[in-house]
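K.L.:
coordinates only, sequence not included:
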């Protein structure tokens with residue numbers, strides 16, 4: 001996978017900065033689970049009524065230091081769904097309720113549990129499945145795996161509707177590897193240089209604005225990460241001031 005990365009590993013943040021980040025993670029995830037408990041309960045009921053199978057979906061992801069962990073999500077696919085880890089719009093494996101949960105990102109809410117367990121952070125690179133993590137170059141993996149993966153980050157905001165971007169492509173995996181992964185890494189590398197509590201709050205606010213208004217705030221400054229070729233449009237969400 002090609003990128004414009006210069007090969008320099010950013011300096012690791014101070015212990016104080018990382019302690020503050022972890023404190024913010026714990027406070028926000030506890031608050032999120034408590035405040036959203038009614039929503040979580042309603043989603044669980046909808047999933048059970050919509051299709052046969054468990055409420056939660058767990059999948060192996062690669063975490064900090066290359067350690068594997070099981071990510072929690074609300075189940076959005078039929079039981080026994082097989083095939084690639086990538087999904088495209090109108091993927092036949094996705095249930096009716098699952099389509100709504102994916103579109104609204106409600107399927108991601110159980111990841112607050114992963115944050116409390118220490119597997120993830122609120123803000124950080126989205127954790128990849130092993131088959132895609134190994135496609136990154138060794139120096140790129142060193143950058144990504146030095147950080148705790150997160151629920152949201154620059155790349156998660158930029159590629160909010162990734163399945164729509166891959167829809168209709170003859171070879172979605174090739175497009176993902178050749179176009180999307182380099183753009184995601186540019187976002188990951190930038191975040192690795194900007195880790196801190198204030199920046200995490202900034203990204204959390206931008207994520208909230210995107211989910212409520214459908215727009216990426218211009219002040220986040222992620223336009224430079226947009227792929228220049230290979231995709232007809234980077235996202236349905238527009239970038240606005």
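P.N.:
Thanks, I have it. What you see is a predicted model; the values in this text were computed from it and never measured. Numbers count the residues shown, from 1 in each chain.
K.L.:
The closest residue to residue 98 other than its chain neighbours: neighbouring residues, count only.
P.N.:
Distances taken as C-beta to C-beta, 6 or more residues apart in numbering place residue 76 nearest to residue 98, at 2.9 Å, with adjacent residues excluded. In this view, the C-beta of every residue, glycine as well, is placed from N, C-alpha and C. For residue 76, the count of nearby residues is 24 (other C-beta atoms under 10 Å).
K.L.:
Please work out which residues outside the helix of greatest length in the chain touch it.
P.N.:
Counting residues, the longest helix found in the chain (DSSP state H) is helix 15-35. Contact with helix 15-35 is made by 13, 40, 109, 112-113, 115-116, 121-122, 195-197, 200-201, 204, as judged by C-beta atoms under 8 Å, 6 or more residues apart in numbering.
K.L.:
tell me the average confidence for stretch 87-104?
P.N.:
The pLDDT scores in stretch 87-104 average 88.
K.L.:
in that stretch, what counts as buried?
P.N.:
Buried residues in stretch 87-104, defined by neighbour count with 16 or more other C-beta atoms under 10 Å: 87-89, 91, 94-95, 97-98, 100-102.
K.L.:
How far does stretch 119-133 sit from its chain's centre?
P.N.:
Taking C-alpha atoms, centre = their mean, to the nearest Å, the mean C-alpha location of stretch 119-133 is offset from the chain mean by 7 Å.
K.L.:
Tell me the buried residues in it?
P.N.:
Buried residues in stretch 119-133, counted by 16+ other C-beta under 10 Å: 119-129, 132-133.
K.L.:
cool, stretch 145-159 as well?
P.N.:
145, 147-159.
K.L.:
all strands in the chain, in order from the N-terminus.
P.N.:
Ranges of strands within the chain are 56-62, 68-74, 121-123, 150-152, 215-217, 238-240, based on DSSP state E.
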